[in-house]
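K.L.:
I would like to see how this sequence folds:
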Amino acid sequence: DALPICNWSDTTHWSLSSGGVPNGGCIPSQLDTVIFDTASFSAGLQTVTIDIVANCNSMDWTGVTDTPTLNIANGLFIYGSLTFVAAMNTVGGGSIYFKSSAAGNTITTAGQIINSSISFDGSGDWTLQDNLNTTSSIFLQEGTFNTNNNDINCYYFYSFTNLTRQLNLGSSAITCSGGWYISNGTNL
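P.N.:
Model (predicted):
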């Protein structure tokens, strides 16, 4: 049973299968795909709070019911893809770090307005599947970010490392209410 507020650190709520029994005290690592689905929540408006630094390979909310909330109160490190759905909410101001070294990662926000900063910190690549809206900043530190002709709204867009990175815009419009800062063009 999911509680109205379940912390990421609570090992009694993680299972190796949908609706399965808790997996003996382990929380997800960068090797684990985290799936929230119809068996993840037992009532409406329940919340999963990232109360510690959280790691996962990919995170997928496809199939959730009861309009759950993801509270990103701490750092979320994703080593693969991210899929949100319209039938959920996101809150919190912790940062989201995309850390993959692999190609073929995707990001689907499903209209969620993300209050977290978003940082691309791996040598892999990520492709937007829809528009990206954050009230915070986007950092392109390493890797390839393909906007896939989708629009982006953010506060700041930064790129200031000398690591290899690529931004493929297509026909995307990036609107930065705070500013656009590319302070180091080396390897960009």
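
K.L.:
what about the longest strand in this protein?
P.N.:
Longest strand in the chain, counting residues (DSSP state E): strand 118-128.

K.L.:
Tell me the gap between the helix or strand that comes right after it and the middle of its chain.
P.N.:
Sequence order places strand 132-134 as the next helix or strand after strand 118-128, per DSSP states H and E. Averaging C-alpha positions (C-alpha atoms, centre = their mean, to the nearest Å) puts strand 132-134 11 Å from its chain's average.

K.L.:
So which elements touch strand 132-134?
P.N.:
With contacts taken as 3 or more C-beta pairs under 8 Å, 6 or more residues apart in numbering; DSSP states H and E, strand 132-134 sits against strand 113-114, strand 152-159. The way it works is simple: take the backbone N, C-alpha and C, and place the C-beta from them, glycine included.

K.L.:
now the longest strand of the chain and strand 152-159, what's the angle there?
P.N.:
120 degrees (axes from the mean of the first three to the mean of the last three C-alpha atoms, to 10 degrees).

K.L.:
and strand 118-128, what other elements does it pack with?
P.N.:
Short answer (3+ C-beta pairs under 8 Å, 6+ apart): strand 118-128 packs on strand 96-98, strand 105-108, strand 138-146.

K.L.:
Great, nothing more from me.
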